[in-house]
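J.: sequence-free structure coming up:
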């Protein structure tokens, strides 16, 4: 299922994106596709209950525990890191989202509607914590992961100048788009780069259809995807915005500073 840079470039050169392939290839990012169909020995998981240390408070919004979505042990995947993202080599990331309020992330006040906790001591994450009675617990799925390169989908969307190029983009998606649930890598949005929403919510900077391409290029290197979680109501029990996706994004400066408390979450649907 993993895609190599060579495979992607070979496919690109057969399309009308060939002339722009150097810029596209430069924007490739390595991420991890998450598979939960088979049992695995990793400590990653989707849903269930988090292994949250007792001295760290469960995130709340409007007085209730918000839903736990994903747990990642970084030491299990750090050997596959590339130089483009400065992710810690050890530690645990725990992702939470308010399924009751379901914020879109396009307003600064949406901040209490999600959290990403970073626990540096992996050994401290050894016991599961119970949620309160008002919090939904999703079915637990053990996760295996596969490192793979991902295309800059949002950039490609803004490069389409004809129906023929839109069709070629669909062909690229059929060949290389399998990031339903992913860690790192490029965002695979329904509408536009989630970093545009993050930038507007944090700085007030907006964009128009006429400036979308330049704005997308600007946020491509500024806002890094931490995780993308797509709707799978039958298997995972969750569905966002009429079967859309959640994008957990962090500004590159905050990633370097390990400020995962500043991660933003954006929602999109088709």
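T.: Okay, I see it. A quick note: this is a predicted structure, and the numbers were derived from the prediction, not measured.
J.: in what helix or strand does residue 158 lie?
T.: helix 153-159 (DSSP states H and E).
J.: shaky segments in this structure?
T.: Under the criterion of pLDDT under 70, the regions of the chain flagged as low confidence span 1-2, 178-179.
J.: Spell out, range by range, the helices that occur in it.
T.: Listed in chain order, the helices found in the chain under DSSP state H are 5-12, 21-26, 153-159, 163-176, 194-203, 212-222, 252-256.
J.: circling back: would you mind pulling up the elements that the helix holding residue 158 packs against?
T.: Using 3 or more Cβ pairs under 8 Å, 6 or more residues apart in numbering; DSSP states H and E as the contact test, the elements touching helix 153-159 are helix 21-26, helix 163-176, helix 212-222. C-beta coordinates here come from the backbone N, C-alpha and C atoms, glycine included.
J.: again, 10 Å this time
T.: Helix 153-159 makes packing contacts with helix 21-26, helix 163-176, helix 194-203, helix 212-222 when contacts are defined by 3 or more Cβ pairs under 10 Å, 6 or more residues apart in numbering; DSSP states H and E.
J.: residue contacts, residue 98?
T.: The neighbours of residue 98, taking Cβ atoms under 10 Å, 6 or more residues apart in numbering as the test, are 59-62, 64-67, 110, 112-115, 135, 265.
J.: Highest neighbour count among those residues?
T.: Taking other Cβ atoms under 10 Å to define a neighbour, the member of the contacts of residue 98 with the most is residue 265, carrying 29 neighbours.
J.: hmm, back to that, tell me which two of the contacts of residue 98 sit farthest apart.
T.: Pairwise distances across the contacts of residue 98 (Cβ to Cβ) peak at 18.7 Å, for the pair 110 and 135.
J.: distance between the helix holding residue 158 and the chain's centre?
T.: A distance of 17 Å separates the centroid of the chain from that of helix 153-159, by Cα atoms, centre = their mean, to the nearest Å.
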